[in-house]
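Enquirer: Here is a sequence together with a model predicted from it:
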Amino acid sequence: MAKRCRVGVVGCGFFSQNHLNSWHSLHAQGVDLVAVCDLSREQAEKAAKAFSVPGIHTDMAAMIAEGDLDIVDIVTQVNSHRALVSQSLDAGIATIVQKPFGRSLAECEGMLAKAQASGQFLAVHENFRFQHPHMMISDILASGKIGDPTWGRISFRTGYDIYSGQPYLREEERFILTDVGVHVLDLARVFFGEVHHLSAELQRRDRDVKGEDTATMMLRHLSGAVSVVECTYASQQLPDPFPATLIEIEGTRGALRLGADMSLTVSSGDQSTTINADAAVLSWAERPWHVVQDSVRNTCQHILNRWKEGKPASVSAVDNIKTYALCDAAYEAAGSGNATRPKH
Ligand SMILES: NC(=O)c1ccc[n+]([C@@H]2O[C@H](COP(=O)([O-])OP(=O)(O)OC[C@H]3O[C@@H](n4cnc5c(N)ncnc54)[C@H](O)[C@@H]3O)[C@@H](O)[C@H]2O)c1
């Protein structure tokens, strides 16, 4: 019988509920969620109770010492990522960390170097490429149905009150680019390939937030494709498409368009078809978050499969640093007013 995978989750706050549900639901695929950890004992106890987890901790070192863990999944805010990732890798455990990978490119490089030096498994929980409609788009592109992608727009525009669940976001100095910007930039890499250079304009439209809440970027990909990648938390449009990412891609033989209603229209030659690309509403999920919740499960499943196979995840640290470098280049481009080349 194959060995079961013992998972410990660090951070039992707002977004972690999706991770806890996902790992719990992967029991039949060999996962045992054996430990949870949060600085707040109350949070850890609540998670342990909800998911019947035997190990309850307020310190990751103790969780590692007692847990006999195969995977540590870190779902804390970014200011703690470097220390926790470092500690987990030092203990020789396969490690997953939520996005954004780190507070700066240098911090991400440090974590990556540590993992590489010891040949350790390190993945970043980048989940947008695992959203059901986005996986469908990847499949369509791979099929060649619309030819080579040459132009696109990836757009995440909302006025949904994200601050009620995540009040700390108002205080982030590097805000939307490190929050949802990394997701849409990651999609640009997935759909159009690596980036040669990009330009960016940032705005702070809501005076009650510290950092930028709107980013408009233009990317030139190595393939020659151009993409416009945008995100804002200050849109006033109704109906609000939250949490949908709107996508248009034009290729050498056709085009596709993903709408807020999750309809995906694909044209090829003189044929056009529209299909429903909505995600399933998992038993523990709720609208309008279900697309995101489904993607968290898909991401955990993908990372688990790759770990079992002894291979890096597609969202490995090696891969994600390229997405983070785009985010970093966007800050630089916006500051200088010049198109900038990503450092990775
Ligand atoms: N991928 C996505 O779609 C998505 C969506 C929302 C949030 N996130 C990311 O998830 C992460 C967590 O965000 P959140 O909104 O859940 O934050 P949160 O503050 O609600 O929860 C974080 C929890 O971690 C705990 N914690 C902090 N430091 C710790 C430590 N050293 N040891 C143990 N526990 C510790 C806190 O007590 C808190 O309960 C962030 O990186 C955020 O960017 C991702």
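Expert: Perfect, thanks for sending it.
Enquirer: got the residues of the protein near the ligand?
Expert: Residues of the chain lying close to the ligand by CB under 6 Å from any ligand atom are 10-16, 37-40, 43, 60, 75-78, 80, 84, 98-99, 127, 166, 292. Where C-beta positions appear, they are placed from N, C-alpha and C, glycine not excepted.
Enquirer: just the buried members of the residues you listed?
Expert: For those, a burial check counting by 16 or more other CB atoms under 10 Å picks out 10-13, 15-16, 37-39, 43, 60, 75-78, 80, 84, 98-99, 127, 292.
Enquirer: Quick check: residue 297 vs residue 94, distance?
Expert: Look at residue 297 and residue 94: by CB to CB, to the nearest Å, they are 18 Å apart.
Enquirer: circling back: tell me which of the residues of the chain next to the ligand fall in helices.
Expert: Within the residues of the chain next to the ligand, residues falling in helices by DSSP state H are 16, 43, 60, 84, 292.
Enquirer: Residue 280 falls within a strand, correct?
Expert: No: going by DSSP: H, G, I helix; E, B strand; the rest coil, the assignment for residue 280 is coil, not a strand.
Enquirer: returning to that earlier point: which two of the ones in helices among the residues of the chain next to the ligand lie the greatest distance from each other?
Expert: 60 and 292 (25.5 Å; CB to CB).
Enquirer: Let me know the average pLDDT across stretch 266-284.
Expert: Here stretch 266-284 scores 96 as its mean pLDDT.
Enquirer: ok, now stretch 305-316?
Expert: 97.
Enquirer: Residue 254 contacts residue 148, doesn't it?
Expert: No: using CB atoms under 8 Å, residue 254 is not in contact with residue 148, being 10.6 Å away.
Enquirer: Which of the two has more residues huddled nearby?
Expert: Set residue 254 next to residue 148 and count neighbours by other CB atoms under 10 Å: residue 254 wins out with 19 against 14.
Enquirer: And that one, how far from the ligand?
Expert: To the ligand, residue 254 is 30 Å away according to CB to the nearest ligand atom, to the nearest Å.
Enquirer: Relative to residue 68, how far out is residue 145?
Expert: Distance, residue 145 to residue 68, by CB to CB: 48 Å.
Enquirer: Residue 237 too?
Expert: 50 Å.
Enquirer: what's the answer for residue 204, then?
Expert: 47 Å.
Enquirer: same check, this time on residue 95
Expert: Distance from residue 95 to residue 68, by CB to CB: 16 Å.
Enquirer: ok, these two, which is more surrounded?
Expert: Just comparing residue 95 and residue 68: by other CB under 10 Å the higher neighbour count belongs to residue 95, 27 against 12.
Enquirer: Burial check on the nearest residue to the more buried one once chain neighbours are set aside, number of neighbours?
Expert: Using CB to CB, 6 or more residues apart in numbering and skipping the chain neighbours, the partner closest in space to residue 95 is residue 88 (4.3 Å). Neighbour count of residue 88, defined by other CB under 10 Å: 27.
Enquirer: Would you mind listing the residues in contact with the residue of the chain found nearest the ligand?
Expert: Nearest residue of the chain to the ligand (CB to the nearest ligand atom) works out as residue 13 at 1.9 Å. Applying CB atoms under 8 Å, 6 or more residues apart in numbering to residue 13 gives the contacts 38, 43, 75, 76.
Enquirer: how much space between the closest residue in space to residue 55 that isn't next to it in sequence and residue 291?
Expert: Excluding its sequence neighbours, the residue lying closest to residue 55 (CB to CB, 6+ apart) is residue 35, at 3.1 Å. To residue 291, residue 35 is 29 Å away according to CB to CB.
Enquirer: The two: which has the busier surroundings?
Expert: Shown here are residue 35 and residue 291; by other CB under 10 Å, residue 35 has more neighbours (26 against 23).
Enquirer: Now that one: phi and psi?
Expert: When read as degrees, to the nearest 10, the backbone of residue 35 gives phi -150, psi 150.
Enquirer: partner residues bridging it?
Expert: Beta bridges link residue 35 to residue 8, residue 55, judged by DSSP bridges.
Enquirer: Verify the contact between it and residue 9 for me.
Expert: Yes: look at residue 35 against residue 9 with CB under 8 Å: they come within range, at 7.5 Å.
Enquirer: Contacts only, for the residue positioned nearest the centre of the chain.
Expert: Taking CA atoms, centre = their mean, the centroid of the chain lies closest to residue 126, which sits 2.5 Å from it. Contacts for residue 126 were tallied using CB under 8 Å, 6+ apart; they are 99, 182, 183, 186, 299, 315, 320, 323.
Enquirer: Scan those residues and report the most crowded one.
Expert: Neighbour max across those (other CB under 10 Å) = residue 323, 31 neighbours.
Enquirer: any idea how far the closest residue to that residue other than its chain neighbours is from residue 281?
Expert: Using CB to CB, 6+ apart and skipping residues adjacent in sequence, the residue nearest residue 323 is residue 186, 4.4 Å away. Computed as CB to CB, the residue 186 to residue 281 distance reads 24 Å.
Enquirer: From the centre of the chain, point out the most distant residue.
Expert: When each C-alpha in the chain is compared with the mean C-alpha position (CA atoms, centre = their mean), residue 270 comes out farthest, at 35.5 Å.
Enquirer: Test my guess that residue 342 contacts residue 323.
Expert: No: with contact defined as CB under 8 Å, residue 342 does not reach residue 323; the gap is 9.2 Å.
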